[in-house]
Every structure is written in C-alpha cells, then in structure tokens.
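Visitor: I would like to see how this sequence folds:
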Amino acid sequence: MDLPRKIQLTGRNTFIVSLPHEWVEKRGVAKGDAVYLNENEDGTLTFSLKPAERAQKTCVIEVSPGATETSMRNIVSAYVSGAGKIVLRGKGMSTVAEEARRILSGVEISEETENELELSILAFDDLDVDSIIKRAFNVTNSMFNLATVMYRDGSDVLVEISRKEDEVDRLYLLVLRNFGMGKDPKNQVFKAIAAKSIEKVSDHLEDICSSGKGVYPNKLIGGLLDRSAGVYSAAYDAFSKNEVDKGAFSDAKTQYLSDFEKVDETLKKEKNASRMLTLRSLCEKCNKVLRYSEDIMESGTDIVFADMEGRR
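Guide: Now for the predicted structure:
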C-alpha cells in the first residue's frame, strides 16, 4: 500500500494525516485508540498500533572479592536503568550473582562459564507501577500486623518481619526499574516518592521489632503501632484513589497523636532509665512512620493537582 496523503493543519500548529478507510476497517481501529509513531534513522516515521520493542540493553560489570558492595551497587544501577542482561566477570562473580538474585525481582542466571556469568532479567509486562506499589503496601501492612502482635503478646516474628522487609526492598527497586525503562511516565516523581516512603516504613517496622528486645510485650507500643497502621492505611487509600484527604487521614493522625501524648505521659513515670530510653526510641520510630505516611498522602495530593493542571 503506497497511498499519498496530504498533510492538513488544524488549529495553529497541529498537523494531521488521514488514514485509509480500508486499513482502518481491516485493523479494527476505533476513535480514541492509541497509536505509536517512531522516527527512524533515515528520517521516516513508522506508524504502529503497538509500542515498538525496545532494544535489550546489556551491561558488563567487573567484580572482585574485595569490592562486593561496589559490584552490587553497579548491578542495582544497571537493573534500575532497564538492562535486560547483566554480564559479570571476575573472581567472586557467582557469590555476587546469588546476592543479586536475592535482592532483585526477576533476576536469574542464564549462562555461566569459567570466566563469565550472565544474569537475565525477566520481563514484567503485566505489572504496572501502581500494582507494584500496591503489593509493597500490602506487604508493609502485614508487617504492621506482625509488629503489633509481637508487642502485645511477645510472639517472635523477627524472621518473618525481615523476610517481608526484603520483599518491599525488591518491589521498590522494581518500581525504579519500570521508570528507568520509560514505563508509566505519568506522575513518575510523585509515585517514586510514595514508593520510597513505603520502603522506608518497612525499614522502620523492622527496626522497631529488632530493637525492642527486652521491652516487649508492651501494650503501649503495640497500641501506638496499631494507630500508626491506621494512619498509614488512610494515606495509601487516598493515594491509590487519586483523592485529596476527605477526613480519614486527618482523623487517623489525630487519634495517633492523642495516643502518643498518653504514652509519653506514662513513660515519664517509668523508673527504669534504660527501659525508658528504649521505649522513647521506639516511640520516635513510630513518629517516623507517621511522617512517611504524610509523605504518601502528600504525593497523592500532588498527583490530584497535577492531573487538574493537565486538564486545563
């Protein structure tokens, strides 16, 4: 099909080209369907109903036994930037590869020789950023439940808490990888802030559980964790619905601050100085969870107003 088409001008600076009617009917194209234009090296444009396949990027990283941390940082950078394959060379490459598989989603060893090891990253075409963030929220929400149970009845949940914290870390890096590959560019900055805040909440929950030995069970901290979980859930609920706060977040925050004041007054009566310092440290960590919840709420509000600006 080599049909000439005249370029037309609509408005002040929008150029349009009509599509052949026969082609539209054959392909089942309808009003509002997305199309994709790609500029080729010779200046021609390719028109398609599907996004063009991106060339798979390969990164080569030299590793050595004495620089494992540096090697891991390089691997994470390659992963986040959208590499499809990561080639490792040098002594200790197998150890580094196993650590990469542990902390990164979808990373598998595809080839290995005496001098070289190849990591392939699986495609997550069916996962969008919102779905990954939702999964990270659900994991941290279950961490709240475990932490609350630990402080209320003394259950040992540290291993499970640590496992879930590792999962949230992997999901956060997967969010960054999606952005690095150009997926879901809309409101990218705000969603990245929310994802980072969720990752930080998981860090603090693990810290609250691991640093509370000797003071749990403790119903005061358990109650405070329960309240902070309510604030966190209200923040994510508004964020996920692209809504400004309709009162649920503010109410949950007010309840938390009220309980925090009661806990603070109770701690003033604690006679064991070491125990009091530990409990105050735990309270401050709960406050950090509150602040990261506020960041999630603010990111959602920023998205709402950014969308409003975009519609003007």
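Visitor: distance between the ends of stretch 101-118?
Guide: End-to-end distance of stretch 101-118 (C-alpha to C-alpha, to the nearest Å): 12 Å.
Visitor: hmm, who's touching it?
Guide: Outside of stretch 101-118, the residues within contact range by C-beta atoms under 8 Å, 6 or more residues apart in numbering are 72, 75-76, 79, 85-89, 93-94, 97, 100, 119-124, 166, 169-171, 173-174. Quick note: C-beta positions are derived from backbone N, CA and C, even for glycine.
Visitor: what is the lowest-mean-pLDDT helix or strand in the chain packed up against?
Guide: Lowest on mean pLDDT, DSSP states H and E among the helices and strands of the chain sits strand 36-39, with a mean of 73. When contacts are defined as 3 or more C-beta pairs under 8 Å, 6 or more residues apart in numbering; DSSP states H and E, strand 36-39 sits against strand 45-48.
Visitor: circling back to that earlier point, buried members of the contacts of stretch 101-118 into ChimeraX, please.
Guide: Burial among the contacts of stretch 101-118 is assessed by 16 or more other C-beta atoms under 10 Å; the matching ChimeraX selection reads:
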select :72,75,76,79,85,86,87,88,93,97,100,119,120,121,124,169,170,171,173,174
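Visitor: among the contacts of stretch 101-118, which are in strands?
Guide: Lys85, Ile86, Val87, Leu88, Arg89, Leu119, Ser120, Ile121 (DSSP state E).
Visitor: contact partners for Met297?
Guide: Here Met297 is in contact with Ala234, Ala235, Ala238, Phe239, Asp245, Phe249 (C-beta under 8 Å, 6+ apart).
Visitor: from what I see, the third one and Phe249 are in contact.
Guide: Right, the one you point to is Ala238. Yes - taking contacts as C-beta atoms under 8 Å, Ala238 lies within contact range of Phe249: 5.9 Å.
Visitor: which one's more surrounded, these two?
Guide: Phe249 (27 against 21; other C-beta atoms under 10 Å).
Visitor: next SSE downstream of the helix or strand the more buried one falls within?
Guide: Using DSSP states H and E, Phe249 sits in helix 248-267. Downstream of helix 248-267, the first helix or strand assigned by DSSP H and E is helix 273-310.
Visitor: tell me the mean pLDDT for that following helix?
Guide: For helix 273-310, mean pLDDT is 90.
Visitor: and that helix, which residues are buried?
Guide: By 16+ other C-beta under 10 Å, the buried positions in helix 273-310 come out as 278-279, 282-283, 285-290, 292-304.
Visitor: how about the helix holding Phe249: buried residues?
Guide: Ala248, Phe249, Ala252, Lys253, Tyr256, Asp259, Phe260, Val263.
Visitor: out of these, who's nearest Asn187?
Guide: The nearest member of these to Asn187, counting by C-beta to C-beta, is Phe249 at 19.1 Å.
Visitor: give me the three-state assignment for the residue nearest to Leu88 when sequence neighbours are not counted.
Guide: Nearest non-adjacent residue to Leu88, counting by C-beta to C-beta, 6 or more residues apart in numbering: Leu117, 4.5 Å away. Per DSSP: H, G, I helix; E, B strand; the rest coil, the secondary structure class of Leu117 is strand.
Visitor: where exactly do the helices run in the stretch 1-150 of the chain?
Guide: 21-27, 68-80, 93-103, 129-153 (DSSP state H, counting those that start in this stretch).
Visitor: quick one: the second one to helix 93-103, angle?
Guide: Taking axes from the mean of the first three to the mean of the last three C-alpha atoms, to 10 degrees, one finds that helix 68-80 is oriented at 50 degrees with respect to helix 93-103.
Visitor: tell me which helix or strand comes right after the strand or helix carrying Phe179.
Guide: Using DSSP H and E, Phe179 maps to helix 158-180. Using DSSP H and E, the helix or strand that follows helix 158-180 in sequence is helix 188-210.
Visitor: could you break the chain into its assigned domains?
Guide: 8-48, 58-121, 129-310 (automatic domain parsing).
Visitor: can you say which of those domains is packed in most?
Guide: Using mean count of other C-beta atoms under 10 Å, the stretch among the domains of the chain with the largest mean neighbour count is domain 129-310, at a mean of 18.
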